[in-house]
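Peer 1: Just a sequence and a predicted model for now, questions to come.
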Amino acid sequence: MGALKMRTELLNVGSLLAKEARGMEEQPLYRSTVFETEDTGDYDRANCGERYLYDRIEAPNRDCLGEAISRLEQGQDTAVFGAGMGAISAVFLALNRKGSHVVVNRAVYGETIELLNDILTTYGVDVSYVDFESLEAVEQAVTERTTLIYTEVLTNPLLRVVDLDAVTALARRRGVLTVVDSTFTTPMLIRPLEHGADLVIHSLTKYFGGHSDITGGSVTGSRELIKKVKRTQVLLGSCMAPDSAWLALRSLRTMELRVRRQMENAAAIAGALEGDPRVRYVNYPGLVSHPQHELADRLLDGGYGAMLSFRVEDDLEKVDEMIHRLKVIRYLGTLGGIRTSLAHPATAFRHEFSREELEAVGIYDGLVRISAGIEDAEDLIEDLREALGVFGE
């Protein structure tokens, strides 16, 4: 899908309406948790999905949002969840049974790892964590019991790039599914289904929502797979509230504008930090110095994302002082919003992983992650330069 087509889809999502609500210009907000049925036959039809029955099962605002996401991702159907972790949980629980095996990029979101280690393995599912920069290692990890391969496109927080075309080709050859968390990239940069993935996941809390006022998640793919995911979703009860679905649809109209500005700001910040002597290195695939810049160029469409990370001296007291000096950028436990935010990965996962485990995957006390917002780029750069003064002028 080209940039013009994407912009058209985003501007038109407000007129997408679910089932009997079709035909109206704007999407109404349906706060009802239950929908009236006329008799037993009507109830049975509703129970089979022919009309609405109960909010946890299906609801107009979620359906409308799901249809919009399906169009953007070029998928057949989408399940919309109350949180990104709800989407991830439903996928792993729906597609695995006792004795199953999954291959997972060892650099995925920390709470995904916690889900797998603390919950999925207790149900008898085996998990292999692999460095996805080595396609040979991924293939060696696949066994006869492997059900799916799971990865992100850009890893958190080191911004390594996964060769999605190669991974999905391997998965098809071995007869397993590929599931991709594309939260960092969004449909603005890549549509994983077009690259051979079977399911694509988003934390809608981030770029889709964009304003830090909703929490949500989504899974998009074939009708057959999404039917399985939705069945598990209904049993887990992880449904998005109507208000949040309505707000997410609102936000979709401006996503192209927001994300383009965020990517421009990220590129400007990365370029400024790369030339700063107080910064050891910058992780941003848009930099020519990034070891996978050529892969990012080939894989991503029209940008390199709005996330970056950089490393300063491994002195936590100085890192805290740097944070205290910031005036524009805020220390927030999320990303993807219109306000530029900072995160300290080593602190975020200090209770779940040891220092040795964190450093083994490149997470040091001096590593800082930035989610670029839509403010003026020069203001952001000046804010960082003044804050870096704690490491020397």
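Peer 2: All right, it came through fine. All values derive from a computational prediction rather than experimental measurement.

Peer 1: Helices of the stretch 251-393 of the chain, start to end?
Peer 2: Taking DSSP state H, counting those that start in this stretch as the test, the helices found in the stretch 251-393 of the chain are 255-274, 293-299, 316-325, 345-348, 355-360, 377-387.

Peer 1: Looking at those, spot the one closest to residue 34.
Peer 2: helix 255-274 (31.7 Å; CB to CB). C-beta here means a position set from N, CA and C on the backbone, and glycine is covered the same way.

Peer 1: what comes into contact with the closest one?
Peer 2: 6-7, 10, 186, 188, 207-208, 210, 279, 282, 284, 286-287, 289, 303-308, 310, 338, 340, 370-375, 377, 380-381, 384-385 (CB atoms under 8 Å, 6 or more residues apart in numbering).

Peer 1: can you give me the angle that helix makes with helix 377-387?
Peer 2: Going by axes from the mean of the first three to the mean of the last three CA atoms, to 10 degrees, helix 255-274 is angled at 40 degrees with respect to helix 377-387.

Peer 1: ok, back up a step: deepest-packed of the helices of the stretch 251-393 of the chain, please.
Peer 2: helix 255-274 (a mean of 20; mean count of other CB atoms under 10 Å).

Peer 1: Now do that helix: distance to the chain's middle.
Peer 2: 18 Å (CA atoms, centre = their mean, to the nearest Å).

Peer 1: Make residue 1 into 292 and carry on from there
Peer 2: In the new count, where the first residue is 292, that last one comes out as helix 546-565.

Peer 1: Residue 322: which element?
Peer 2: In the assignment (DSSP states H and E), residue 322 maps to no helix and no strand.

Peer 1: Now do the same contact list for it.
Peer 2: The neighbourhood of residue 322, defined by CB under 8 Å, 6+ apart, consists of 533-534.

Peer 1: Quick check on it: phi, psi?
Peer 2: phi -90, psi 0 (degrees, to the nearest 10).

Peer 1: What of residue 336?
Peer 2: Residue 336 adopts backbone torsions of phi -60, psi -40, taken as degrees, to the nearest 10.

Peer 1: burial measure for the closest residue to it other than its chain neighbours, as a count.
Peer 2: Sequence neighbours aside, residue 342 is the residue nearest to residue 336 in space, at 6.2 Å (criterion: CB to CB, 6 or more residues apart in numbering). A count of nearby residues for residue 342, using other CB atoms under 10 Å, gives 15.

Peer 1: Surely residue 342 is in a helix?
Peer 2: No. The assignment for residue 342, made by DSSP: H, G, I helix; E, B strand; the rest coil, is coil rather than a helix.

Peer 1: Quick check, pLDDT for it.
Peer 2: In this model, residue 342 is scored at 79, pLDDT.

Peer 1: any idea how far residue 334 is from it?
Peer 2: 10 Å (CB to CB, to the nearest Å).

Peer 1: what about residue 428, which helix or strand?
Peer 2: helix 426-432.

Peer 1: Can you mark which positions in that helix are buried?
Peer 2: Neighbour counts over helix 426-432 (16 or more other CB atoms under 10 Å) mark 429-430, 432 as buried.

Peer 1: other SSEs contacting that helix?
Peer 2: Applying 3 or more CB pairs under 8 Å, 6 or more residues apart in numbering; DSSP states H and E, one finds that helix 426-432 contacts strand 417-421, helix 455-465.
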